[in-house]
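> Quick one: sequence and predicted model below, then my questions.
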Amino acid sequence: MSTTPDGTWKVPVIPIESIRTDLPFFGAVAAGFPSPADDYIEERLNLDRYLIKNPSATFFVRVAGSSMTGAGIYPDDILIVDRSLEPKSKDVVIALIEGEFTVKRFVKTPNRSYLKPENPSYKPIEISSEHPATIWGVVTNVIHKPYEL
């Protein structure tokens, strides 16, 4: 993470243009016995329309670290983040804390707000006047490869 000469933050993003394409969409797939998929092509799937609701406010970030593995977010995953959305309690968000970006679950209760990791090895981060945080955007999708168990 770095800043520009005028002090604004530079967010490491992956250009949206890198996924703009229409691909065949085969509909549902059985997790049991295989079936000939070519017989079931329903339409073409445009990833932009499916994954990105607000293109001018959307960016991608690559995950570093393991604080969100309990939410299915792993190192090297790509997060699709929408800055136009107002964060709601229990949303996964990108937050800026003490000059560093982090991905955590935003939790708001009547008495406090905090950023909750989804890994018991990490502690929640309370948001307060002593520990301010800026929510940069709401994670709308996670892109990752299947993992071996």
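Received it, and whenever you're ready, just let me know what you need.
> would you say Val139 is within a strand?
Yes - counting by DSSP: H, G, I helix; E, B strand; the rest coil, Val139 is found in a strand.
> got the contact list for the closest residue to it other than its chain neighbours?
For Val139, ignoring the flanking residues on the chain, the nearest one in space by Cβ to Cβ, 6 or more residues apart in numbering is Val92 at 4.1 Å. Every residue, glycine included, has its C-beta placed from N, CA and C. Applying Cβ atoms under 8 Å, 6 or more residues apart in numbering to Val92 gives the contacts Met68, Ala71, Ile73, Val103, Lys104, Arg105, Phe106, Val138, Val139.
> I'd guessed Lys116 sits against Lys123; true?
No - with contacts defined as Cβ atoms under 8 Å, Lys116 does not count as touching Lys123, sitting 9.3 Å away.
> who's more crowded, the two?
Using other Cβ atoms under 10 Å as the criterion, Lys116 and Lys123 rank with Lys116 on top: 19 against 10.
> so what's the more buried one bridging to?
With DSSP bridges applied, Lys116 shows beta-bridge pairing to Arg105.
> Do you know the pLDDT at it?
Lys116 is assigned a pLDDT of 97 by the prediction.
> which residues in the chain form helices?
47-51 (DSSP state H).
> can you pull out the strands in it?
Along the chain, counting by DSSP state E, strands occupy 2-3, 9-10, 22-25, 43-46, 58-62, 78-82, 92-97, 100-108, 113-116, 125-127, 134-143.
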